[in-house]
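Asks: Take this sequence and fold it.
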Amino acid sequence: MPKIVMVDALFPNPLFGAGFPRASQILNFLANQDNTEIHFLALWEKGSIGRKKFLSLLPSNVQTTFNVNERNIEKVLINKLKYADILWVSRLPIYKRIMSIREKYPDSFSHLKIIYDSECIETLRAQLQSEISGSSIPDSEYEKLLQDEMTLALQADHVIAVSTSEQEVFLNHGCASVFVVGHKINATQELKPSEGRVGLLFVGRLWDEGSPNIDSINWFAEKCYPRLQREDLVFHLVGAITKSLSKKFRGAGFKVSGQIEDLQPVFDSAQLFVAPTRFAAGIPIKLLDAAAAGLPIIATRLLCKQLGWDEDRDILVADTEEEFVNKIEMAMSDEVVWYSLQQNAHARVQQEYSDFAFQKSIKSTFAVLCGGDEEI
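Replies: Below is the predicted model:
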């Protein structure tokens with residue numbers, strides 16, 4: 001069975017969001033395979049989680065090296081690769097850095113199968129972000145950026161995408177072996193009714209300046225929230241948040257809670273989940289978590305498209321200030337609409353993101369990594 005070196009930006013703490021819940025699920029699956037040995041490296045780790053806490057979450061056969069950084073990554077990685085069969089790298093910036101090391105020390109990589117777990121296609125997100133900022137990327141520049149990203153992906157033996165739409169992009173640019181490994185979501189079996197629920201909820205990491213989450217919450221707070229005609233309405237923000245944002249949003253109808261491990265009571269107390277994301281790529285896992293918990297959602301058309309769900313049937317869709325305000329008012333005042341959204345989204349999660357669906361996708365991927373020749 002394989003010996004795997006996994007490299008990511010941070011240790012895969014599910015509380016981080018931003019694709020790390022999925023990374024944690026993949027790590028745990030791989031660790032549970034018979035005789036598999038894993039060494040995990042976090043290239044950007046700077047104390048986001050305590051050493052004792054992380055070690056308590058690690059499967060027993062996963063080892064790690066702490067304090068990996070730009071100064072020592074080459075030495076640490078080359079040493080660990082001597083004993084590995086597979087190199088599994090997540091996220092474009094990390095993959096780009098590792099490929100630069102490969103270019104410098106090709107002999108240290110020659111015996112490996114290289115797996116690129118893309119998490120998202122960065123160029124797609126960058127294009128949307130530029131459009132929102134009013135300085136759209138010219139078509140020629142966009143094509144070059146996308147081609148550069150795809151050319152880098154071609155250096156891997158296998159690519160893993162998070163959705164069939166992103167899988168198609170990789171395949172169309174020449175990647176021969178592209179798997180889809182999505183998320184595993186545990187849906188609640190008991191949906192709580194609308195009675196007793198109050199307010200709006202957002203769950204996500206509000207830590208990285210310029211990120212889709214910070215952009216969306218700032219926009220919603222400034223443009224939409226003041227127009228909602230409900231004096232007692234509270235917008236609850238849950239997740240890692242910077243001190244400046246926490247200070248900005250405390251009071252004036254906002255509640256800031258930081259990270260919470262058990263989110264089910266939070267989902268059960270809110271009336272509507274709000275996701276005004278204006279640029280992103282990949283799969284919006286925070287929407288899946290809300291739907292799985294039985295909380296109806298209003299989100300941008302972008303997120304609805306990423307999920308492949310039906311607009312205003314599975315989730316309410318809004319892009320403009322007026323659409324958000326009108327549809328939030330409708331969902332909070334019309335129980336028929338609210339219950340329909342709750343049931344439809346919950347059913348989609350059970351069908352598409354069950355443990356069975358996740359196990360099927362990751363097992364087929366793992367079988368190829370262990371010596372099969374099948375390509376997808």
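Asks: From the contact counts, what lies against the strand or helix carrying A347?
Replies: Per DSSP states H and E, A347 falls inside helix 335-352. Helix 335-352 sits against helix 285-292, helix 321-333, with contacts defined as 3 or more C-beta pairs under 8 Å, 6 or more residues apart in numbering; DSSP states H and E. Where you see a C-beta, it was placed from the backbone N, CA and C, and this is true even at glycine.
Asks: pull the CA atoms of the first one into CSV?
Replies: Written as CSV, here are the backbone C-alpha positions of helix 285-292 (Å, rounded to 0.1, in the frame of the first residue of the first chain):
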residue,chain,number,x,y,z
ILE,A,285,-19.6,24.0,1.5
LYS,A,286,-21.2,26.5,3.9
LEU,A,287,-24.4,26.3,1.8
LEU,A,288,-24.3,22.5,2.0
ASP,A,289,-23.9,22.6,5.8
ALA,A,290,-26.8,25.0,6.1
ALA,A,291,-29.1,22.9,3.9
ALA,A,292,-28.1,19.7,5.7
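Asks: For burial, what's the neighbour tally of S110?
Replies: S110 has 8 neighbouring residues, counting by other C-beta atoms under 10 Å.
Asks: Now do the SS call for it.
Replies: For S110, the assignment made with DSSP: H, G, I helix; E, B strand; the rest coil gives coil.
Asks: Return the distance of it relative to V159.
Replies: Noted for S110: a distance of 20 Å to V159, by C-beta to C-beta, to the nearest Å.
Asks: now do S118
Replies: 6 Å.
Asks: Now the common contact residues for the two.
Replies: Counting by C-beta atoms under 8 Å, 6 or more residues apart in numbering, the shared contacts of S118 and V159 are 153, 170.
Asks: pLDDT score assigned to P276?
Replies: You'll see P276 listed with a pLDDT of 96.
Asks: Revised request: answer the last question for I49.
Replies: For I49, the model assigns a pLDDT of 57.
Asks: where do the strands sit along the protein?
Replies: Along the chain, counting by DSSP state E, strands occupy 3-8, 37-42, 62-65, 86-90, 113-117, 158-161, 178-180, 200-203, 235-238, 254-258, 272-275, 297-299, 316-317.
Asks: which one of the ones you listed lies closest to N79?
Replies: strand 62-65 (9.1 Å; C-beta to C-beta).
Asks: on contacts alone, who are the packing partners of that closest one?
Replies: strand 37-42.
Asks: So what are the sheet partners of the strand it packs on and their directions?
Replies: Counting by DSSP bridges, the strands paired with strand 37-42 are strand 3-8 (parallel), strand 62-65 (parallel).
Asks: Lowest average confidence across those strands, which one?
Replies: strand 62-65 (a mean of 87).
Asks: So what touches it?
Replies: Contacts for strand 62-65 (C-beta under 8 Å, 6+ apart): 11, 27, 31, 37-42, 54-55, 58, 76, 80.
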